[in-house]
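K.L.:
A predicted structure for the sequence below; I have some questions about it.
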Amino acid sequence: MKLSELQEKLVCPKCHSSLTLSEDPHGFVCKRCRLRYPIDDHGIPIMLPDEAIALKRKEL
Ligand SMILES: [Zn+2]
């Protein structure tokens, strides 16, 4: 499945908001939580709050 298709199905595991696909750095972004869920080397999104990365100001 393409990431763009996944984006329509995935929601933030914390707040259940829809996500934005970020290309650089790669990941799914929740603007409400200000978190980025990374995508691993196999193209699998890691939808775990514990693995999420806090967004920097410029990424918001
Ligand atoms: Zn969220």
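P.N.:
Arrived safely.

K.L.:
just the helices in this structure please.
P.N.:
Assigned by DSSP state H, the helices in the chain fall at 3-9.

K.L.:
got a list of what the closest residue to Pro49 other than its chain neighbours touches?
P.N.:
Spatial nearest neighbour of Pro49, excluding adjacent residues (C-beta to C-beta, 6 or more residues apart in numbering): Lys14 at 5.2 Å. C-beta: built from backbone N, CA, C; applies to glycine. Lys14 makes contacts with 30, 33, 35, 49, as judged by C-beta atoms under 8 Å, 6 or more residues apart in numbering.

K.L.:
now Lys14: phi and psi?
P.N.:
The phi/psi pair for Lys14 (degrees, to the nearest 10) reads phi -90, psi -50.

K.L.:
any idea of the pLDDT on it?
P.N.:
Reading off the confidence values, Lys14 has pLDDT 97.

K.L.:
now swap in Lys2 and tell me
P.N.:
So, for Lys2, pLDDT stands at 87.

K.L.:
from Ser17, how far out is it?
P.N.:
Lys2 sits 21 Å away from Ser17, going by C-beta to C-beta, to the nearest Å.

K.L.:
quick one, which of those two is more surrounded?
P.N.:
Per other C-beta atoms under 10 Å, whichever of Lys2 and Ser17 has more neighbours is Ser17, with 12 against 8.

K.L.:
report pLDDT for the closest residue to that one other than its chain neighbours.
P.N.:
Closest residue to Ser17 apart from its sequence neighbours, by C-beta to C-beta, 6+ apart: Arg32 at 4.7 Å. pLDDT for Arg32: 96.

K.L.:
for Arg32, give its distance to Lys2.
P.N.:
24 Å.

K.L.:
and for Val29?
P.N.:
Noted for Val29: a distance of 17 Å to Lys2, by C-beta to C-beta.

K.L.:
pull out the buried residues from stretch 9-21.
P.N.:
Applying a neighbour-count criterion of 16 or more other C-beta atoms under 10 Å, one finds 10, 12, 19, 21 buried in stretch 9-21.
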